[in-house]
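Participant: turn this into a model:
(one chain, ligands or ions: 1)
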Amino acid sequence: MRIDVVTLFPDFMRQCAAVGVVGRAQQRELLQVETWNPRDYATDNYRTVDGRTCGGGPGMVMLIEPLRSALKAVREAAPDPVHVIYLSPQGARLTQGRVEALAKLPRIALLCGRYEGVDERLLAHEVDEELSIGDYVLSGGELGAAVIIDAVGRLQDGALNDAQSAEQDSFSNGLLDCPHYAKPVHDALGDVPDVLLSGDHAAIRRWRLKQSLGRTWLRRPDLLAQRALDKESRALLDEFRREHAQ
Ligand SMILES: CN(C)c1ccccc1CNc1ccc(C(N)=O)cn1
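Facilitator: Purely as a prediction, here's the structure:
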């Protein structure tokens, strides 16, 4: 998968994509992240990328022309069609479901706004999808872009080895993750639950599912409401609720 990022801070974005699982995915050529700086496509001597807000008001708006030229260069850089995403507080909330869909595309481009954002006409003509990483305001779209690069990059086939498999991810089954423990079994902070030491893998699976269901019920009932539960899960959650009530 190829990801092109249009950003005034290319070094920052390259570094985000160079570390950890995503950096390794790039080394393995499972993922390619390229950056494009609109300032390189500004035509005036001052390399201007922002303009005064029409109608008055504080702050500046990113100009159409440098972004349009940069996006043209992005499209021409490789044959596959590009799905252009704009990060903004006005976008649809990013979910794991959407991440999984994006991870299947051959190419996406991430347009990072700065200042007060981008001229609406550019958005209307060049952007396919507007996404928000959460209901808060940042100084730029770059952190949202980094979130998408990470979430999508780690899902590329071969990016995670078996020990990290994405299937067991929290959210990948619509539930919060269960608790995790490592040695020592006994610690000043407490003990590891016995079931995890039992070697009974069926019991361990049930315990983890029960913990995920219980945690989701306690912390994110909204997620639980979205999910149909099978017979086993309903029984495990009832058990958790009974124990929790006592
Ligand atoms: C300057 N601002 C407010 C702005 C305004 C419009 C577009 C982009 C920006 C850049 N900032 C962003 C971007 C994304 C998110 C998010 N929640 O995904 C939060 N902030």
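Participant: could I get the full set of strands for this protein?
Facilitator: Using DSSP state E, the strands assigned to the chain run over residues 2-6, 32-36, 50-52, 60-62, 83-93, 107-112, 129-132, 186-187, 190-191.
Participant: go ahead and confirm Ile149 touches Cys16.
Facilitator: Yes. Applying Cβ atoms under 8 Å, one finds Ile149 in contact with Cys16, separated by 6.5 Å. No exception for glycine: its C-beta is placed from N, CA and C like everyone else's.
Participant: overlap in contacts of those two?
Facilitator: Shared contacts of Ile149 and Cys16 (Cβ atoms under 8 Å, 6 or more residues apart in numbering): Val22.
Participant: circling back to that earlier point, TSV for the strands of the chain, including mean pLDDT?
Facilitator: Shown next, in TSV, are the strands of the chain (pLDDT from 0 to 100):
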stretch	mean pLDDT
strand 2-6	99
strand 32-36	98
strand 50-52	98
strand 60-62	98
strand 83-93	98
strand 107-112	98
strand 129-132	98
strand 186-187	97
strand 190-191	98
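Participant: now those in JSON lines, with distance to the ligand and mean neighbour count?
Facilitator: Converted to JSON lines, the strands of the chain look like this (distance: least, Cβ to the nearest ligand atom, whole Å; neighbours: other Cβ atoms under 10 Å):
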{"stretch": "strand 2-6", "distance to the ligand": "12", "mean neighbour count": "25"}
{"stretch": "strand 32-36", "distance to the ligand": "17", "mean neighbour count": "19"}
{"stretch": "strand 50-52", "distance to the ligand": "11", "mean neighbour count": "14"}
{"stretch": "strand 60-62", "distance to the ligand": "9", "mean neighbour count": "19"}
{"stretch": "strand 83-93", "distance to the ligand": "3", "mean neighbour count": "18"}
{"stretch": "strand 107-112", "distance to the ligand": "7", "mean neighbour count": "25"}
{"stretch": "strand 129-132", "distance to the ligand": "4", "mean neighbour count": "18"}
{"stretch": "strand 186-187", "distance to the ligand": "39", "mean neighbour count": "10"}
{"stretch": "strand 190-191", "distance to the ligand": "37", "mean neighbour count": "10"}
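Participant: of all the ones you listed, which one is nearest Leu224?
Facilitator: Taking Cβ to Cβ, strand 83-93 is the member of the strands of the chain nearest to Leu224, at 17.8 Å.
Participant: the closest residue to Ser139 other than its chain neighbours and the ligand, how far apart?
Facilitator: Excluding its sequence neighbours, the residue lying closest to Ser139 (Cβ to Cβ, 6 or more residues apart in numbering) is Arg114, at 7.2 Å. Separation of Arg114 from the ligand (Cβ to the nearest ligand atom, to the nearest Å): 6 Å.
Participant: ditto for Leu63
Facilitator: According to Cβ to the nearest ligand atom, Leu63 stands 14 Å off from the ligand.
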